[in-house]
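J.: Fold the following, please.
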Amino acid sequence: MEDVQNHAPKVAVDIDRVGVRELRLPLLVRDRAQGSQQTVASVDLGVDLPSAFKGTHMSRFVEALKDWSGEISFQSVRGLLQNVKMRLGAQRAYARFSFPYFINKAAPVSGHKSAVSYQCRLTGELDNAGQSFLLEVDVPVMTVCPCSKAISNEGAHSQRALARMSVRMTSFSWLEEFIEIAEEAGSSAVYTLLKRNDEKYVTEHAFARPVFVEDVVRAVAQRLSTRDDVEGFSVEVESMESIHNHNAFARIERGQKI
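T.: So this is what the prediction gives:
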């Protein structure tokens with residue numbers, strides 16, 4: 001049968017990345033407490049395409065993913081990328097996994113445990129220069145406004161904020177470590193299950209630690225900049241303001257461009 005993809009295109013321009021998106025599959029992720037956990041990922045796969053070829057072979061991406069172990073690690077993702085490169089005859093291969101990661105978190109006083117979900121993304125790229133990994137994780141926290149607290153006779157406005165980290169990795173690290181960095185930078189972590197004594201503790205703890213989005217982003221960036229397993233990062237904190245009809249945000253980027 002004729003292979004139209006290998007024909008010359010009418011417009012001979014190199015394509016940086018071409019492939020498939022939103023393939024869904026079970027994913028095994030390393031878990032600090034349990035060893036591993038099963039989740040579900042949406043996967044994007046891509047390669048470069050030289051100007052001499054009209055199109056890529058989409059089915060070969062699916063075949064490469066079908067042969068893959070389904071476990072996230074430096075070694076297994078490298079194997080997947082090598083397989084994609086070989087099947088497609090490419091110089092560069094790319095894989096992106098988007099998945100929820102769950103931590104069974106205990107409430108601060110009652111100790112009742114419930115699962116908290118964190119949205120994560122892992123991107124691996126492989127070319128002749130080597131392999132790179134980008135870890136992204138979104139961590140919800142609570143913030144209490146220092147200005148509101150300072151000028152108010154009673155209370156202060158508080159809200160949920162989202163700390164988004166993009167970290168260029170040099171070696172394996174637990175997801176929990178980055179989640180803890182963000183949660184410790186906010187006024188308080190957030191929980192799925194809280195009883196009344198837990199709510200009292202969380203509220204009082206948070207109001208004793210008021211922070212702006214600027215405070216949170218600086219605290220996270222400072223912690224990331226001291227890690228040997230991180231060669232570059234970006235951090236953005238967005239506050240879903242409770243008394244304003246807009247959000248506030250702050251962003252810091254360091255090291256290798258993310």
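J.: can you pull out the strands in this structure?
T.: For the chain, applying DSSP state E gives strands covering 15-31, 35-49, 93-106, 113-127, 130-144, 158-169, 188-189, 230-239, 248-255.
J.: Enumerate the positions of the third one that are buried.
T.: It stands for strand 93-106. 93-99, 101-103, 105 (16 or more other C-beta atoms under 10 Å). (Glycine included, C-beta is placed from N, CA and C.)
J.: could the strands of the chain go into CSV alongside distance to residue 152?
T.: Below are the strands of the chain laid out as CSV (distance: least, C-beta to C-beta, whole Å):
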stretch, distance to residue 152
strand 15-31, 42
strand 35-49, 42
strand 93-106, 30
strand 113-127, 30
strand 130-144, 11
strand 158-169, 12
strand 188-189, 19
strand 230-239, 18
strand 248-255, 18
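J.: would TSV of those with distance to residue 181 and mean pLDDT be doable?
T.: TSV is the format used below for the strands of the chain (distance: least, C-beta to C-beta, whole Å; pLDDT from 0 to 100):
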stretch	distance to residue 181	mean pLDDT
strand 15-31	18	92
strand 35-49	20	94
strand 93-106	14	96
strand 113-127	12	96
strand 130-144	8	95
strand 158-169	8	95
strand 188-189	12	96
strand 230-239	9	95
strand 248-255	13	94
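J.: and the residue nearest to residue 183 when sequence neighbours are not counted, how many residues sit next to it?
T.: Closest residue in space to residue 183, ignoring its immediate chain neighbours: residue 189 at 4.1 Å, by C-beta to C-beta, 6 or more residues apart in numbering. The tally of other residues near residue 189 (other C-beta atoms under 10 Å) stands at 20.
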